[in-house]
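Peer 1: Test case, fold it:
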Amino acid sequence: MDGRVVSNFIVQALANKPLTIYGDGTQSRSYQYIDDLVEGLVRAMDSPFRGPVNLGNPEEYTVLELAQLVQSILESDAGIEFRDLPVHDPRLRKPDIELARVELGWQPRISLPEGLRKTIEHLRIELAEQDQALSGAPVRD
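Peer 2: Numbers count the residues shown, from 1 in each chain. Now for the predicted structure:
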């Protein structure tokens, strides 16, 4: 996978392996589903507004909350494994999207649980296709 926390957690949970958290899991992140980002980009391109604008999701979750949500959705009970936090890992990531709301009439609409369910389905299909390709079975078109 791409080494990002969401895909890592999903792949680990699908394999019924413990989810790996770096640090104690209290660092917060903001997660955004790609459809919301694309809508924001299109609005920015179609807008007369010119300037930098944040198109993130201001809803914060701790990494531990994300891990627990993934495990809950996938009904995984493999646990969580904590490892040392990298030195320069940020404690907080939360974009201010007020300018996007005012200038573009944009804000994210897809909740984290809904985005996770869509991502899980996508990764299930992708992993099944990889397994088929490795086993020599025909891959769907």
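Peer 1: Is residue 12 within a helix or a strand, and which one?
Peer 2: helix 5-14 (DSSP states H and E).
Peer 1: Buried residues, that helix. List them.
Peer 2: 5-13 (16 or more other C-beta atoms under 10 Å). Using the backbone N, CA and C atoms, a C-beta is placed for each residue, glycine as well.
Peer 1: cool, stretch 65-75 as well?
Peer 2: For stretch 65-75, by 16+ other C-beta under 10 Å, it's 66-71, 74.
Peer 1: can you pull out the helices in the protein?
Peer 2: With helices called from DSSP state H, the chain shows them at 5-14, 34-46, 63-74, 98-99, 112-135.
Peer 1: CA atoms of the last one as CSV?
Peer 2: Translated: helix 112-135. C-alpha atoms of helix 112-135 as CSV (Å, rounded to 0.1, in the frame of the first residue of the first chain):
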residue,chain,number,x,y,z
LEU,A,112,-14.9,9.6,8.3
PRO,A,113,-17.0,6.5,8.9
GLU,A,114,-18.6,6.7,5.4
GLY,A,115,-15.2,7.4,3.7
LEU,A,116,-13.6,4.5,5.6
ARG,A,117,-16.4,2.1,4.4
LYS,A,118,-15.8,3.2,0.8
THR,A,119,-12.1,2.9,1.1
ILE,A,120,-12.4,-0.6,2.8
GLU,A,121,-14.5,-1.8,-0.2
HIS,A,122,-12.0,-0.4,-2.7
LEU,A,123,-9.0,-2.0,-0.8
ARG,A,124,-10.9,-5.4,-0.5
ILE,A,125,-11.3,-5.5,-4.3
GLU,A,126,-7.7,-4.3,-4.9
LEU,A,127,-6.3,-6.9,-2.5
ALA,A,128,-8.4,-9.7,-4.1
GLU,A,129,-7.1,-8.8,-7.5
GLN,A,130,-3.5,-8.9,-6.3
ASP,A,131,-4.1,-12.3,-4.7
GLN,A,132,-5.6,-13.5,-8.0
ALA,A,133,-2.7,-12.2,-10.0
LEU,A,134,-0.2,-13.9,-7.7
SER,A,135,-2.1,-17.2,-7.8
